[in-house]
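Chemist: Dropping a prediction and its sequence here:
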Amino acid sequence: MLRQNEAGVLSGSEFFFNTLDPHLSSLFYYTSLCGHYYCDDQYIIDRQYYDSLLLILVEKGSMKFSYHEKEFSAGEGDIVLIDCADPQRYTADPYAEFYWLHFAGANSLELCSHLTRVHGSPLFRMPNTKKAAAQIRALLRQFATEQIISDAEQSRLIYSTLCYLMPGNRDLGSVTENTPTQQAVQYIHSHLDGDLSLKRLAAEVHLSPSHLIRLFRAELHYSPHEYVIRRRMDRAKYLLKTTDLPIKAIAAEVGYGTETSFTGAFTEKIGISPRKFRDMPLG
């Protein structure tokens, strides 16, 4: 185990290096450097550039951050995700225990940019961070206890951490079927052959169209229209593979007025025509 001697880093703090085969860096997510710190208010990182992404999980206490010309605080259970290619400053305020990892690889930059953009902030707050926090702790625990950790397992833990931060990724126990979004989803599934316009869906759940769009994006990460298209395509694929219905009949089953409009939409979304998809083997 390694001991750190930076200003403000207290006894018991640890950090760990990890070197990945360069040939695997485009295939996996990986951490190059990670740690578990106990810090007082003398701990200050003021950095213009570092070639990695950074995840910080605040375990106890609090921290202050300055990033993208905004200042914010993170408390117990909060997670911060930043791109260190941009200037950043963070401190213990006045005391913090936290886990941190610098990571890169695969499409990590694109995923993190998307994640912070749709979330609207690099700060992810409790209680929505519980599952992500568990993944971070599991990864650091393997380094701290000197367990054998494969590149694939390391990549899985980092990737699942990010997925758990995705808006709408909630515990099943917190999802109730009485929310307007759930009601709209149930209506969509039962009426794929009917009118699923935004106006119609909003009327079914007694909301304004703009409010329904906000709820859908918050819970499912799609607009109502995008969700309808996805479900219609899924149903069409199922019918193409399990029935001998003509393409025209399948088009009607999934809400398209003509075979031509259905074929055009299917080809655009799936990449091949309905007829080619029907002939394509599965498995």
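Modeler: On my side now, so go ahead.
Chemist: which ones are touching the residue positioned nearest the centre of the chain?
Modeler: In the chain, the residue lying closest to the centroid (CA atoms, centre = their mean) is Met166, at 2.9 Å. Residues in contact with Met166 (CB atoms under 8 Å, 6 or more residues apart in numbering) are Leu115, Val118, His221. Bear in mind the C-beta positions are built from the backbone N, C-alpha and C, glycine included.
Chemist: starting at the chain centroid, how far to stretch 73-91?
Modeler: Distance of stretch 73-91 from its chain centroid, counting by CA atoms, centre = their mean, to the nearest Å, is 17 Å.
Chemist: What residues sit buried inside stretch 41-56?
Modeler: Within stretch 41-56, the residues scored as buried using 16 or more other CB atoms under 10 Å are Tyr43, Ile45, Tyr50, Ser52, Leu53, Leu54, Leu55, Ile56.
Chemist: In strands only, show me those residues.
Modeler: Cross-referencing the buried residues of stretch 41-56 against strands under DSSP state E gives Ile45, Leu53, Leu54, Leu55, Ile56.
Chemist: Just give me the closest of the residues you listed to Gly257.
Modeler: Leu53 (46.4 Å; CB to CB).
Chemist: Show me what the helix or strand harbouring Val228 is packed up against.
Modeler: According to DSSP states H and E, Val228 maps onto helix 224-242. On a contact count with 3 or more CB pairs under 8 Å, 6 or more residues apart in numbering; DSSP states H and E, helix 224-242 meets helix 180-190, helix 198-204, helix 209-220, helix 247-253, helix 259-270, helix 274-279.
Chemist: Any stretches of the stretch 151-283 of the chain with poor pLDDT?
Modeler: Scanning the stretch 151-283 of the chain for pLDDT under 70 picks out the ranges 168-177, 283.
Chemist: what's the answer for the stretch 1-150 of the chain, then?
Modeler: Scanning the stretch 1-150 of the chain for pLDDT under 70 picks out the ranges 1-5.
Chemist: what's the helix holding Val228 in contact with?
Modeler: So helix 224-242 is contacted by 184-185, 188-189, 192, 196, 198, 201, 212-213, 216, 220, 222, 245, 250-251, 253-256, 262, 265-266, 269-270, 274, 277-278, 282 (CB under 8 Å, 6+ apart).
Chemist: re the thing from before, of all the ones in strands among the buried residues of stretch 41-56, which comes closest to Lys64?
Modeler: Minimum distance to Lys64 across those is 10.9 Å, recorded for Ile45 (CB to CB).
Chemist: Not counting sequence-adjacent ones, nearest residue to that closest one?
Modeler: Counting by CB to CB, 6 or more residues apart in numbering, Ile45 lies nearest to Tyr90, which is 5.4 Å off, once chain neighbours are set aside.
Chemist: give the contact list for that neighbour.
Modeler: Counting by CB under 8 Å, 6+ apart, Tyr90 has contacts Ile44, Ile45, Ile56, Met63, Lys64, Phe65, Ser66, Tyr67, Val80.
Chemist: Gly105 too?
Modeler: Leu20, Ser25, Ser26, Leu27, Phe28, Tyr29, Tyr30, Ser155.
Chemist: Check Tyr38 too.
Modeler: Val9, Leu10, Ser11, Gly12, Ser13, Ala96, Glu97.
Chemist: what about 6 Å?
Modeler: Taking CB atoms under 6 Å, 6 or more residues apart in numbering as the contact definition, Tyr38 lies against Leu10, Gly12, Ser13, Glu97.
Chemist: now swap in Tyr37 and tell me
Modeler: Contact partners of Tyr37, counting by CB under 6 Å, 6+ apart, are Val9, Ser13, Phe98.
Chemist: okay, these in a markdown table with neighbour count, secondary structure and distance to Gln147 next?
Modeler: Putting those into a markdown table (neighbours: other CB atoms under 10 Å; DSSP: H, G, I helix; E, B strand; the rest coil; distance: CB to CB, whole Å) gives the following:
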| residue | neighbour count | secondary structure | distance to Gln147 |
| --- | --- | --- | --- |
| Val9 | 20 | strand | 24 |
| Ser13 | 20 | coil | 20 |
| Phe98 | 27 | strand | 21 |
